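Visitor: 3D model of this:
(chains A and B)
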Amino acid sequence: MRIITTVLRALFFVSLLSISFTGFSQTAEEGEKLFSANCTSCHDINEKVVGPPLKGAHTKHKEDWLIKWVKNSQKLIKAGDPVAVQLYKDNNESPMTAFESLSDNQIKSIIAYIKAESEKKVDIAGTTTGTTSTTGDVPPGENPYTSRINWLLVIIGVLLIGVIGQVFGILNKVSEIQGKPVINWTSINGKLLLAFVSIGMIASIWEFIVHGKLTVYAYEAAAEHGAEYDNMFFITVAITGVVFVITQVLLFWYGYKYKADGKRKAVYYPDNHKLELIWTVIPAIVLTVLVIRGLKTWNDIMNHRDEKATVVEVFGFQFGWNARYAGEDNKLGNHDFRQIGVVNALGVDPKDPKSQDDVVVTELHFAAGKPVSLKFRAKDVIHSAFLPHFRVQMNVVPGLPTQFNFTPTITTAEMRTKLNNPKFDYILLCNKICGGAHYRMKMKVVVDSPEDYAKWLSTQPKLVSASAPAADSTATAPAGPQASLVTPATKTLASK
Amino acid sequence: MSNLHHDDHNHDSHDHGHHKETFISKYVFSMDHKMIAKQFLITGIIMGTLGMAMSLLFRMQLAYPDMKLPFLENIIGQWGKDGKLDPNFYLALITIHGTIMVFYVLTAGLSGTFSNLLIPLQVGTRDMASPFMNMLSYWFFFLSSVVLVASLFVEGGPASAGWTIYPPLSALPKAIPGSASGMTLWLVAIVLFIASALLGGINYITTILNMRTKGMKMTRLPLTIWAFLLTAVLGLLSFPVLLGGSLLLIFDRSFGTSFYLSDIPADLAGGIERTGGSPVLWQHLFWFLGHPEVYIILLPALGITSEVIATNARKPIFGYRAMIGSILAIAVLSFIVWGHHMFITGMNPFLGSVFMLGTLIIAVPSAVKTFNYLATLWQGNLRLTPAMMFAIGLVSFFITGGLTGIWLGNAALDINLHDTYFVVAHFHLVMGSAAIFGMMSGIYHWYPKMFRRKMNETMGQIHFWLTIISAYCVFFPMHFLGLAGVPRRYYANSAYDQFDIFVDMNQFITIAALLGGAAQLIFLWNFFSSIRNGKRTEQNPWDSNTLEWTAPIEHIHGNWAGELPTVYRWPYDYSKPGAENDFIPQNVPDAGQVDEQAEPDPSKFEPATKSTHAAEKDSVLFSVVKRWLGFAN
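Guide: This next block holds a predicted model:
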């Protein structure tokens, strides 16, 4: 599948750029992978996210400067580089994460990707974004058109309201002259109530059929506890669904059936203890069933422990995720929030022997069928790690360790076949409001077969591999010889 | 008139015997509960319009994430540069939208309006126990509204950490621009708001318990009053907790404490390293108010519709005592379920089990209420006035939104539904739409009592139909967004292939929301133009039984010109067999019926009887207990 996408993408670039760019586009493609793994949580080509839009960045700064900036912008700023200081000020003095781990060539490919993307917009400018401006100006030629439509809509709306108002005015005058209301709302409302509930019920069923298919419950959950979860889910759907239909139909039907006709008198019926007892006891019984089942499901899921589970730490920060694998000893090295810095992004204690074999990545891999124990930690504010396909979610709270134990069952490849969607990927997304780029804070999740998983893990560099003593790596630490704490580069290369 | 305001002799605008009403004392610093009700309502409507406008703005963003909407820059300036909504400002919009709707519209606007209007009129007294506190209650609310609106204009923008303002996001100005001065103003506004809610609540409770007219036993109170009573009790017990929580957050933000902060490095937290606190503590404190708050919003709406449905069905409300019992049960249970908002915060799973149990039990009294509503409609003679239509709409939303509560209250299911659009759909139906419909129902029903004129019926009916259609079109599809795992509070879904397929649905929802917004313009027009141009009302336009319709149309200070009415029956004698009319107001005795009750005598409240007045002063609570136990006479 990857080959096909690669080919397609390559073809796309070829069609956009001239043939002579073919060689270049491969670097750009490499850059795209690096970009989406490292940069997208804070940057977009055309839009401001946390950081500024990167469109045209390659024309604004020299490549050497950009490399220095990406590797450690704080160092440049501290050194008093006027351009860097200005840029820092322009962006509310929020420091950019340092990427010491990226090689010069990798940064060059990212720049190549940015260049390709910036110019791509030029090629299809006629249809969408307009001019070649690299400064992000509003493209002329588009605004008047859109705004004309907007104004047209406003005018139409005002006219419509005016017309409706006039009609009512006339009707009111007529009813004043005739001395009785022209519109008999009771009879109209009766019919409308009936129509509303009929259409509403059909629409609800349509929703379940059409949009139900798009939900994560339309296919099997990708984790072991998912079966029990889904069972609970569908029992609840069925019970509440039945109650929903009965009560809504009765409500609107009564509204239609018993509307005043001027002849009838209402029945004086203030009480019936037997009836009330019935509809207290029946819901109570149904809810008891739901509570008991629910408690069982909840306790089964939450109290699940497996000594052999692979320990993985998921670390959330504004605005991205890292994962730390515990390595061969299956024990995570100690961490201290005071050690968190631009280089040691997770604040792992490098002197702790347990941390020597830890592996830090930006993509979460699981082995199908192997229990995993996710330990959550946050750097700054509360995040929530949400893996909808696995029926897994847990808040990620600074200062409060949380965890979730489960067993993934379906590999990404199998899921792609099942869904007939070659582009499908599991995701871990942030589900607790955490700031401006909350909506982009995600991590790709891959479920491999156990063999692939082992292979993947073995290619990931160890946290403190062959490194010099890497203590005190704080925000101000110079670019030391520490090994990559974040190693997407190797990963991307390995995946090729 | 001199029997009024026994507790504010010092206030010069209320000279005993002769009221010289100036513009200021009549319309601005009024101590008349009817005027205060109108002040609450109109402020609430203005805030509601603002909140709705905000929702339309962010709905535009969700539907058209890539489109440039040049008019945005005209409205919101730098936040909508080049016609693109700023992601931080998007979060500010949802935060302020939530705050306004929950607190300013559905707490103050709903409960403030109708408790003030109806409590004295329906229990048969001349004004609130303390009209002065009542006035303060409104002005604290007004001040709070002003502070909140002012926060829209400060640098960094208004609070943007979501209406639940979970720290550390709300505590660290570096985490999001809205957590700078915008959040400070938010907290100030909430503190003022809580003061207002408490001043109001104490008054409502005292008035209901102490100032009922002759014959008005607790079991003869209209369900509206029962609902307002329990609402006030809930508010009184839970709002102070939020006040405490907010103060601690103010300390964390401004004085370097760490109540809610742990493991926060110094560079993020204003140069002081923060350790030892717990972000989850805030969630406990917040939801200890937050969950009862849901019922503070919902109970008045349910009370209003109970009254409106009975009146317009021309039938007694089915199971009056069961209705009281179920709101009592809901009120009590609402205090032990707050943890269902926190199942997956890392709270001990055993606690989750306990909270889940309590939460699902609430479904029982809610089901009883629903079935009782249906039984009230059954074999009725329904007058489908706009108020009645909105009441039926409330029941419909209460069912739809209530049922999804059974999904979310289940801790296990909450794992995958928490904080998704499913939650948004759920609470907008059961708390948002239902409560708004209750409020609308009340406005259409009691408008004649407030403004001596009726609202235009045709516009009311159109308003109802457009609103219910749009509300269902907006919120029903959101369930499916949630089931697909789309998180709430996302500025755009375009970063996810799996969610991007819902772009059509999002556009549909936005168009429906715009329709709903347009429908509210009809309401606004109808509401404000009817104040001057509406048809004049009869004294009892809906042939209703409750006491407020025995008061004269013209508003007089003290509500009833002569003696206060005496109550001889419960408020739901509609279509009673053998009766001449299909309604018998509460103050009409059966043949030969005498006022047999030793109920609180309103004369006790007149300053003429100095001794009781003095006794009043020593302890309100004591006298309440005495009276309830029957020793006071």
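Visitor: Poorly predicted segments of chain B, please.
Guide: B:1-20, B:592, B:594-633 (pLDDT under 70).
Visitor: Which parts of the stretch 201-350 of chain A are strands?
Guide: Remark: strands assigned in the stretch 201-350 of chain A by DSSP state E, counting those that start in this stretch are A:310-317, A:320-325.
Visitor: which ones are touching A:K108?
Guide: A:K108 makes contact with A:27, A:31, A:63, A:67 under the criterion Cβ atoms under 8 Å, 6 or more residues apart in numbering or on different chains. To be clear about C-beta, it is placed using only N, CA and C from the backbone, and glycine gets the same treatment.
Visitor: among those, which ones are buried?
Guide: Listed as buried from the contacts of A:K108 are A:27, A:31, A:67; burial here means 16 or more other Cβ atoms under 10 Å in any protein chain shown.
Visitor: how far does whichever strand or helix holds the first one sit from the chain's center?
Guide: Just to be clear, that refers to A:T27. According to DSSP states H and E, A:T27 maps onto helix A:22-38. Between the centre of helix A:22-38 and the centre of its chain there are 23 Å (Cα atoms, centre = their mean, to the nearest Å).
Visitor: and the very next helix or strand once past it, what's its mean pLDDT?
Guide: The C-terminal neighbour of helix A:22-38 among helices and strands, as given by DSSP H and E, is helix A:57-60. In this model, helix A:57-60 has an average pLDDT of 81.
Visitor: Which residue in the contacts of A:K108 has the weakest pLDDT?
Guide: Among these, A:T27 has the weakest pLDDT, 77.
Visitor: Surely that residue and A:A112 touch.
Guide: Yes. With contact defined as Cβ atoms under 8 Å, A:T27 counts as touching A:A112 (4.5 Å).
Visitor: Any chance of JSON lines for the strands of the stretch 201-350 of chain A, columns mean neighbour count, distance to chain B and mean pLDDT?
Guide: Listed next are the strands of the stretch 201-350 of chain A as JSON lines, based on neighbours: other Cβ atoms under 10 Å in any protein chain shown; distance: least, Cβ to the nearest Cβ, whole Å; pLDDT from 0 to 100:
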{"stretch": "strand A:310-317", "mean neighbour count": "22", "distance to chain B": "11", "mean pLDDT": "94"}
{"stretch": "strand A:320-325", "mean neighbour count": "23", "distance to chain B": "12", "mean pLDDT": "92"}
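Visitor: Columns distance to A:P398 on top of these, output as TSV?
Guide: Below are the strands of the stretch 201-350 of chain A laid out as TSV (distance: least, Cβ to Cβ, whole Å):
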stretch	distance to A:P398
strand A:310-317	9
strand A:320-325	14
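Visitor: of all the ones you listed, which lies closest to B:S258?
Guide: Closest approach to B:S258 among the strands of the stretch 201-350 of chain A (Cβ to Cβ): strand A:310-317, 19.7 Å.
Visitor: That closest one pairs with which strands, parallel or anti?
Guide: strand A:320-325 (antiparallel), strand A:372-378 (parallel) (DSSP bridges).
Visitor: So which residues make contact with the last one?
Guide: The one in question is strand A:372-378. Here strand A:372-378 makes contact (Cβ under 8 Å, 6+ apart) with A:306, A:309-317, A:332, A:335, A:346, A:366, A:385, A:392, A:394-398, A:401-408, B:346.
Visitor: What average pLDDT does that strand get?
Guide: Across strand A:372-378, the average pLDDT comes to 95.
Visitor: In chain A, what residue lies closest to chain B?
Guide: Per Cβ to the nearest Cβ, A:G399 is where chain A lies closest to chain B, at 2.5 Å.
Visitor: what's near enough to touch the residue nearest to that residue when sequence neighbours are not counted?
Guide: Closest residue to A:G399 apart from its sequence neighbours, by Cβ to Cβ, 6 or more residues apart in numbering or on different chains: B:S262 at 2.5 Å. Contacts for B:S262 (Cβ under 8 Å, 6+ apart) come out as A:398-400, B:274-279.
Visitor: Check those for burial and list the buried ones.
Guide: Neighbour-count burial (16+ other Cβ under 10 Å) applied to these gives A:398-400, B:274, B:277-279.
Visitor: re the thing from before, filter the buried ones among the contacts of A:K108 down to the ones near chain B?
Guide: Among these, no residue lies close to chain B (Cβ under 8 Å from any Cβ of the partner chain).
Visitor: So which of the residues you listed is the closest to B:A310?
Guide: Each of the buried ones among the contacts of A:K108 was checked against B:A310 using Cβ to Cβ; the closest is A:G31, at 70.0 Å.
Visitor: Hmm, that closest one is touching A:I114, no?
Guide: Yes. When contacts are counted by Cβ under 8 Å, A:G31 is listed as touching A:I114 (7.3 Å).
Visitor: Which among the strands of the stretch 201-350 of chain A is found nearest to B:V191?
Guide: For the strands of the stretch 201-350 of chain A, the distance to B:V191 is smallest for strand A:310-317, at 31.4 Å, taking Cβ to Cβ.
Visitor: Using CSV, write out every CA atom in the closest one.
Guide: C-alpha atoms of strand A:310-317 as CSV (Å, rounded to 0.1, in the frame of the first residue of the first chain):
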residue,chain,number,x,y,z
THR,A,310,4.5,-4.0,27.9
VAL,A,311,5.0,-0.8,29.8
VAL,A,312,4.7,2.3,27.5
GLU,A,313,4.7,5.9,28.8
VAL,A,314,2.6,8.4,26.8
PHE,A,315,3.7,11.9,27.4
GLY,A,316,1.5,14.8,26.5
PHE,A,317,2.6,18.4,26.0
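Visitor: Name all residues that make contact with the residue in the stretch 501-633 of chain B that chain A sits nearest to.
Guide: Residue nearest to chain A within the stretch 501-633 of chain B (Cβ to the nearest Cβ): B:S575, separated by 4.1 Å. Taking Cβ under 8 Å, 6+ apart, we find B:S575 in contact with A:265-268, B:314-316, B:381, B:582-583.
Visitor: cool, B:A232 as well?
Guide: Taking Cβ under 8 Å, 6+ apart, one finds B:111, B:115, B:200-202, B:204-205, B:208 in contact with B:A232.
Visitor: Now do the same for the closest residue to B:G182 other than its chain neighbours: helix, strand or coil?
Guide: Of all residues not flanking B:G182 in the chain, B:P158 sits nearest, at 4.2 Å (Cβ to Cβ, 6+ apart). With DSSP: H, G, I helix; E, B strand; the rest coil as the basis, B:P158 sits in coil.
Visitor: ok, B:P158 - how many residues close by?
Guide: 26 (other Cβ atoms under 10 Å in any protein chain shown).
Visitor: do the same with B:G235
Guide: Counted with other Cβ under 10 Å, B:G235 comes out at 25.
Visitor: contacting residues for residue 256?
Guide: With no chain named, the answer covers chain A. So A:Y256 contacts A:190-191, A:193-194 (Cβ under 8 Å, 6+ apart).
Visitor: Wait, chain B was what I had in mind.
Guide: Taking Cβ under 8 Å, 6+ apart, we find B:G256 in contact with B:270, B:272, B:274.
Visitor: interface residues of the stretch 201-350 of chain B facing chain A?
Guide: Counting by Cβ under 8 Å from any Cβ, the stretch 201-350 of chain B sits next to chain A at B:261-265, B:267-268, B:273, B:275, B:277-280, B:313-322, B:344-346, B:349.
Visitor: Name the helix or strand for B:L261, please.
Guide: Under the criterion DSSP H and E, no helix or strand holds B:L261.
Visitor: distance of the spatially closest residue to B:G319 that is not a sequence neighbour from A:V286?
Guide: Counting by Cβ to Cβ, 6+ apart, B:N372 is the residue found nearest to B:G319 once chain neighbours are left out, at 4.6 Å. Applying Cβ to Cβ, to the nearest Å, the value for B:N372 to A:V286 is 18 Å.
Visitor: In contact with residue 426, which residues?
Guide: No chain specified, so I'll use chain A. By Cβ under 8 Å, 6+ apart, the residues touching A:Y426 are A:222, A:387, A:389-390, A:412, A:415, A:444-447.
Visitor: ah, I was thinking of chain B
Guide: B:H426 is in contact with B:401, B:404-405, B:407-408, B:479, counting by Cβ under 8 Å, 6+ apart.
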